[in-house]
Structure formats: structure tokens, C-alpha cells
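> attaching a predicted model along with its sequence, questions to come.
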Amino acid sequence: MPKNKIRVVTKNQNVVDIKVVPNQKVIEIHKVHEKKGKILDIPTNRVAQKELSAQTYVLYMHFVLNLPEYKEALSLEHILNTTSLSERGYYKAVKELIEKQYLVRKPNKDFSEFYHFYEKPQPQAPNSDEVGSSSDESQDEI
């Protein structure tokens with residue numbers, strides 16, 4: 001597959017390739033643990049609701065409602081059309097998710113702006129090559 005596309009399975013089980021423009025954030029969803037058919041982890045969600053601003057919680061829920069390992073080419077236009085966020089709110093929400101380690105930048109040979117979204121914030125390692133990530137990946141429960 002070309003480096004400027006991600007493959008996505010739609011809710012109708014169709015496979016489509018989504019074009020990714022330079023410097024567009026690509027988000028890969030990671031869940032707390034296998035939920036055996038449940039969409040989200042309630043205790044984790046309650047913590048996020050208390051910790052995040054209202055506008056950031058809207059974007060958090062946008063990500064949480066996706067399946068584990070789902071990839072999304074983050075689009076301002078899509079978020080504005082599918083949520084209650086304003087353009088300013090969108091940028092503030094992305095910034096807060098990054099600052100609070102819900103969105104963690106990961107190295108990726110295909111995309112310059114590749115992030116993992118976590119339901120639960122990830123601890124920041126002091127000497128890590130990955131921006132805002134833990135050096136011990138074995139602690140991630142996906």
C-alpha cells in the first residue's frame with residue numbers, strides 16, 4: 001500500500017483506502033483491555049470524564065467508540081461535522097489529549113504524524129525516543 005494511505009474497514013465490512021496528506025495526524029486506537037463485546041471500560045471512562053475538559057472529552061469519546069487497532073486519518077472537517085466541537089475546540093482538545101498522554105506520538109516509517117490513542121493516559125518515560133511514551137511497551141494492554 002502507498003505510504004500516503006491507510007486501509008480502513010467500514011461498518012459495512014467494506015475495505016477502503018483513505019488518503020493521508022503530509023503532516024496529517026494518523027491515529028491508531030488502543031483499548032485498556034479486551035472488553036468481550038463492550039465498547040468502553042466504564043471506570044476508565046469516568047476518570048477521563050473528570051480529568052478532561054468538556055471539549056476534550058468529546059474528542060476522547062470519538063476515539064474510544066472505535067474498535068481496537070482502528071486507524072483514522074484525523075480530519076478537522078470530519079470532527080466538526082460529527083461532533084459538537086468548534087475549530088478552536090478541536091485544536092485545544094487535540095493539544096490536551098497529547099499533554100495528558102491519551103495521544104502519544106510513535107515513530108512510523110510511513111507517517112510523520114503517527115499517534116496511538118489510549119483510553120487511559122500513558123506514563124511518560126524520562127529518556128524515551130518516542131514522544132510521550134513509556135519505554136516498556138509490555139505494560140500496554142490492548
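That came through fine.
> tell me the mean pLDDT for the longest helix that the chain contains?
Longest helix in the chain, counting residues (DSSP state H): helix 87-99. In this model, helix 87-99 has a mean pLDDT of 96.
> restrict that helix to CA atoms and write it as PDB.
Extracted as PDB, the C-alpha positions of helix 87-99 are listed here (Å, rounded to 0.1, in the frame of the first residue of the first chain):
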ATOM      1  CA  GLU A  87     -12.500  24.600  15.200                       C
ATOM      2  CA  ARG A  88     -10.800  26.200  18.200                       C
ATOM      3  CA  GLY A  89     -12.200  23.500  20.500                       C
ATOM      4  CA  TYR A  90     -10.800  20.800  18.200                       C
ATOM      5  CA  TYR A  91      -7.300  22.200  18.400                       C
ATOM      6  CA  LYS A  92      -7.500  22.700  22.200                       C
ATOM      7  CA  ALA A  93      -8.800  19.100  22.600                       C
ATOM      8  CA  VAL A  94      -6.000  17.600  20.500                       C
ATOM      9  CA  LYS A  95      -3.400  19.600  22.500                       C
ATOM     10  CA  GLU A  96      -4.900  18.400  25.800                       C
ATOM     11  CA  LEU A  97      -5.100  14.800  24.800                       C
ATOM     12  CA  ILE A  98      -1.400  15.000  23.800                       C
ATOM     13  CA  GLU A  99      -0.400  16.800  27.000                       C
END
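> that helix: which residues count as buried?
Residues of helix 87-99 classed as buried by neighbour count (16 or more other C-beta atoms under 10 Å): 89-90, 92-94, 96-98. Just so you know, the C-beta spots here come from the backbone N, C-alpha and C atoms, and that holds for glycine as well.
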